[in-house]
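K.L.:
sequence first, then the predicted structure, then my questions.
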2 protein chains.
Amino acid sequence: MPYFDAASSLPLHPVARQALLAALDEGWADPARLHREGRRARLLLDAAREAAAGAVGCRPDELVFTPSGTRSLHTGIAGALAGRRRAGRALVVSAVEHSAVLHAAEAHEAGGGTVVRVPVDRTGRVDAAAFGAALRGDGSPGSGTALACLQSANHEVGTEQPVEEVAGFCAEVGVPLLVDAAQSLAWGPVPGRWSLLAASAHKWGGPGGVGLLAVRKGVRFAPPAPADERESGRSPGFADLPAIVAAAASLRAVRAEADAEAARLRALVDRVRAEVPALVPDVEVVGDPVRRLPHVVTFSCLYVDGEALLHALDRAGFSVSSGSSCTSSTLTPSHVLRAMGVLSEGNVRVSLPPGTAEADVDAFLAVLPEAVREVRDRLRVPSAAVSDAPHAAAGGPGGGEGGGTGGPEGTDSGREADLTVDSRGKRCPIPVIELAKVIGRVPVGGTVLLLADDEAARLDVPAWCEMRGHEYLGVRGHAHRVRRTA
Amino acid sequence: MPYFDAASSLPLHPVARQALLAALDEGWADPARLHREGRRARLLLDAAREAAAGAVGCRPDELVFTPSGTRSLHTGIAGALAGRRRAGRALVVSAVEHSAVLHAAEAHEAGGGTVVRVPVDRTGRVDAAAFGAALRGDGSPGSGTALACLQSANHEVGTEQPVEEVAGFCAEVGVPLLVDAAQSLAWGPVPGRWSLLAASAHKWGGPGGVGLLAVRKGVRFAPPAPADERESGRSPGFADLPAIVAAAASLRAVRAEADAEAARLRALVDRVRAEVPALVPDVEVVGDPVRRLPHVVTFSCLYVDGEALLHALDRAGFSVSSGSSCTSSTLTPSHVLRAMGVLSEGNVRVSLPPGTAEADVDAFLAVLPEAVREVRDRLRVPSAAVSDAPHAAAGGPGGGEGGGTGGPEGTDSGREADLTVDSRGKRCPIPVIELAKVIGRVPVGGTVLLLADDEAARLDVPAWCEMRGHEYLGVRGHAHRVRRTA
């Protein structure tokens, strides 16, 4: 049964399993103890640190093991901000960082710091020059930038960020750059003069419960309290040493296979990117088509309930994930899709594990159209609303700046509409479906007022307009105004 | 080779290993995902939570898994203090809590809170009534107690604390009690009306990297930032699910064997407590002889370098630990021994793993006297300084209040001594050895002034006086004054 959610977590790599089993007998004692069991554990820990540091591209004494990538990010951000407190209280992040970074940023704001969120374009990529400009702040007292955070590649849409260029800008102004390398470390070291780096073993086939945090020598760093002696004072508590050993061993193993496997998966993803819009009407493939992770592709399907599609694919044997609001506990679309300004309904992320067979991708492409149709039928999407012929609606570079506001706000006061549809209280994708049902009932040039209080509508109504060639006139409160232009 | 450092960490229990291996294939996916791999992982996690909660004695929805006992304590303390901020900013702890508690307390002080450290007697036990009185504070504004922390049993000397009684006092005044059950949870649930509980799996034969944190319904709790959705918002990051499964399974397994094994180990420890002072001259066995963990016994040997003794025992095949200053990275004696006011030099903690054979204890008792003699010979301890016949110098209840100050301070100004020994710059146990060498050179009733700047001297010089029947007159700066009385 093909598992296509590699970007979420991978099964244990055979080398990880082997190393884990081998370390169970020697890796249980406290490496801080003087007795032979402790010394043996210490040797294992030192060897794992050396191997992992080699793969990261740092010195062993710059690397500590933490309980997760999330904890690495939390500690790395808090420690660097505290260490650089004199330089200022501003934190610069991209708008599409992992939620662990954004939550750490919110904690920084709650503590009186400021956060600058650099927007991304429609492919999910930050502009390096804009990021560099954000580092400089506005020059007001206390506005100095203490830290910048940028992911090596986005976890939801696979788009690579210009880390090397941004690291150069950071070095110019003396701001440390923390790179969240969770999605890319399996494929190779992060290039450029980064200062801190975080990663997570279960993303490359290591066990859960192991994160990496590298802090380059010379970077000011004050670990968050409470104090603890372990891991250079940067990760309190007794660690799972066999898991650490397995993490380090599997990182080396996946690196040995990385280039060949990346090329193979890249070709498979290229097929998905090209064929999905040809097989399924009204699909938007998102993310940068070239500067991307080898194994990730994300697309959104108009008039589709993401959770229903996930379940349909699950029944057909395919495990994928989704950034649609209906699959989120907060009932809001993923912040990444919002920042990109792309369609969020019927969102599917396919992330291929190493070793994915071409036949599995063929099988996925064979079942997807029927799965989408099934969901649309159940939602009673009128056939007139769906394009006659599937067309490639893939977002590409230069597709315009995102920003997640869903178009101009409050620019449309007072004017009357030819038709009003009240979709309040209805969840994604129903408001868009109801809009599609009625758009043919107003003349070309006429307007529809769609009342929709679902968060996703702010993203999906303008995205629908762009995909179907209508004009989005803006939103005021919960009232979206759309002009029929075709 | 007998491993007698169970209180530090245990080898993986066979049931833990079995459960770990069984969970590797199903426990790698993200339990928050909707697909079948995620649902399978969620089932494993739910089952582990139910099993662990049953052993703890709480509801499954009151229990979360954390990456370590240390993290459980850090989060539990910070969360309860923040949740009870309106009630006050005082934290009451015993003076002999695990360093994770004391470090969390220091962080609370650094953030403007206050900490009350309740002293212990010479056996390492807090007085429940004194602890209860400390909860009430001094009545001044803002002095309200937000949280109390008490270990179920001490990790260094095995003494059990009056948790049930203290929980009663806490309930009377409406203060939540956090119990650090790390050392005792393997032997049974913590009795009494505790509010929060922390524990660590590798202490009972589970894997490293798994802590438990229970927070009873109704306890005000505000998890420390940054926010995260996992584990009820109380433990961020992707966990090591197979390790959690193994932790829960092994806790149930050790509980099934606990009563019988506790009785057996208790008898072995009773032998060690009785025989060590008979076999080795000038030994102080510390900790409560009755109200104690079944498997832990700690003693200190006069005129002995703890690190050298550990190595001698290690060469003889026995792995133990020590609270002596020479085995600590900070070169101070353990805070537990200091709080108890007992001898710290030549300190040895023996903690027997389940299944320890009586023959291994026999073998230990056979090699210990020679190991101590060897270290004393190497330190050139004069034979006159060592008791002719070994005697039982075991500390017992009623041995007086500890406090770690090493006797009265500043009560001895100006008077001349019959002899001055300058041991400044020398480390434990040298100052005490030099004192022992010269005491016979002053007449009975005469005084020796010992200059010693080693931290351990403040504990060990008064302890030596008590063991050898001399009078400790006090310390002023680095000058200890001792009257020969025998």
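P.N.:
Good, I have the coordinates.

K.L.:
phi and psi next, for whichever residue of the stretch 351-486 of chain A sits closest to chain B.
P.N.:
For the stretch 351-486 of chain A, the residue closest to chain B is A:Pro353, as judged by CB to the nearest CB, at 11.0 Å. Where you see a C-beta, it was placed from the backbone N, CA and C, and this is true even at glycine. Main-chain dihedrals, A:Pro353, degrees, to the nearest 10: phi -70, psi 160.

K.L.:
repeat for A:Cys326
P.N.:
phi -70, psi -20.

K.L.:
that one contacts A:Leu309, correct?
P.N.:
No - proximity of A:Cys326 to A:Leu309 does not meet the contact threshold set by CB atoms under 8 Å, at 9.5 Å.

K.L.:
comparing those two, which residue is more hemmed in?
P.N.:
A:Leu309 (26 against 23; other CB atoms under 10 Å in any protein chain shown).

K.L.:
the more buried one: what secondary structure?
P.N.:
helix (DSSP: H, G, I helix; E, B strand; the rest coil).

K.L.:
give me the phi and psi for the closest residue to it other than its chain neighbours.
P.N.:
Leaving aside its sequence neighbours, A:Leu309 sits nearest to A:Val375 (CB to CB, 6 or more residues apart in numbering or on different chains; 5.2 Å). A:Val375 adopts backbone torsions of phi -70, psi -40, taken as degrees, to the nearest 10.

K.L.:
A:Ala267 too?
P.N.:
The phi/psi pair for A:Ala267 (degrees, to the nearest 10) is phi -70, psi -40.

K.L.:
how about A:Val320?
P.N.:
Dihedral angles for A:Val320 - degrees, to the nearest 10 - are phi -130, psi 180.

K.L.:
tally of neighbours for it?
P.N.:
25.

K.L.:
and if you look at A:His478?
P.N.:
16.

K.L.:
ranges for the strands of chain A?
P.N.:
Using DSSP state E, the strands assigned to chain A run over residues A:63-66, A:90-94, A:114-118, A:145-151, A:177-180, A:196-200, A:211-215, A:283-286, A:296-301, A:347-351, A:419-422, A:447-451, A:471-476, A:479-483.

K.L.:
neighbours of A:Arg33, just the number please.
P.N.:
Count around A:Arg33 with other CB under 10 Å applied: 21.

K.L.:
before we move on, what about A:Arg373?
P.N.:
There are 16 residues near A:Arg373, going by other CB under 10 Å.

K.L.:
point me to the residue of the stretch 251-400 of chain A nearest chain B.
P.N.:
A:Ser319 (3.5 Å).

K.L.:
grab the nearest non-local neighbour of that residue.
P.N.:
Nearest one to A:Ser319, counting by CB to CB, 6+ apart, is B:His35 at 3.5 Å.

K.L.:
quick one: the closest residue to the residue of the stretch 351-486 of chain A closest to chain B other than its chain neighbours from A:Ala198, how far?
P.N.:
Counting by CB to CB, 6+ apart, A:Ala6 is the residue found nearest to A:Pro353 once chain neighbours are left out, at 4.1 Å. Separation of A:Ala6 from A:Ala198 (CB to CB, to the nearest Å): 19 Å.

K.L.:
who has more neighbours, those two?
P.N.:
Between A:Ala6 and A:Ala198, A:Ala198 has the larger neighbour count (other CB under 10 Å), namely 31 against 25.

K.L.:
was I right about that one contacting A:Gln183?
P.N.:
No - contact status for A:Ala198 versus A:Gln183: not in contact, 11.3 Å apart, counting by CB under 8 Å.

K.L.:
and the closest residue in space to A:Val381 that isn't next to it in sequence, what does it touch?
P.N.:
Excluding the flanking residues, the one nearest A:Val381 by CB to CB, 6+ apart is A:Tyr303, at 4.4 Å. With contact taken as CB atoms under 8 Å, 6 or more residues apart in numbering or on different chains, A:Tyr303 is in contact with A:Asp282, A:Glu345, A:Gly346, A:Arg376, A:Leu379, A:Val381, A:Ala385, A:Val386, A:Pro429, A:Val432, A:Ile433, A:Ala436.

K.L.:
who does A:Leu150 form a beta bridge with?
P.N.:
A:Leu150 forms beta bridges with A:Val179, as assigned by DSSP bridges.

K.L.:
neighbours of it, how many?
P.N.:
By other CB under 10 Å, neighbour count at A:Leu150 equals 25.

K.L.:
right, and it touches A:Pro176 too?
P.N.:
No - counting by CB under 8 Å, A:Leu150 stays clear of A:Pro176, with 11.5 Å between them.

K.L.:
now do the shared contacts for the two.
P.N.:
By CB under 8 Å, 6+ apart, no residue touches both A:Leu150 and A:Pro176.

K.L.:
report the central residue of chain A.
P.N.:
A:His155 (2.8 Å; CA atoms, centre = their mean).

K.L.:
roughly how far does A:Gly233 sit from chain B?
P.N.:
From A:Gly233 across to chain B, the span is 10 Å (CB to the nearest CB, to the nearest Å).

K.L.:
need the pLDDT of that residue.
P.N.:
Listed pLDDT for A:Gly233 reads 95.

K.L.:
quick check: it touching A:Pro223?
P.N.:
Yes - assessed by CB under 8 Å, A:Gly233 is found in contact with A:Pro223 at 5.1 Å.

K.L.:
of the two, give the one with the bigger neighbour count.
P.N.:
Counting neighbours by other CB under 10 Å for A:Gly233 and for A:Pro223 shows that A:Pro223 has the greater number, 22 against 14.

K.L.:
surely that one touches A:Gly79?
P.N.:
Yes - when contacts are counted by CB under 8 Å, A:Pro223 is listed as touching A:Gly79 (4.9 Å).

K.L.:
list residues touching both of the two?
P.N.:
A:Arg234.

K.L.:
low-confidence ranges, the stretch 1-150 of chain A, go.
P.N.:
Along the stretch 1-150 of chain A, segments meeting pLDDT under 70 span A:140-142.

K.L.:
which parts of it sit against chain B?
P.N.:
A:1, A:3, A:5, A:8-12, A:17, A:20-21, A:24-25, A:27-30, A:33-38, A:67-71, A:74, A:99-100, A:103-104, A:106-107, A:110 (CB under 8 Å from any CB of the partner chain).
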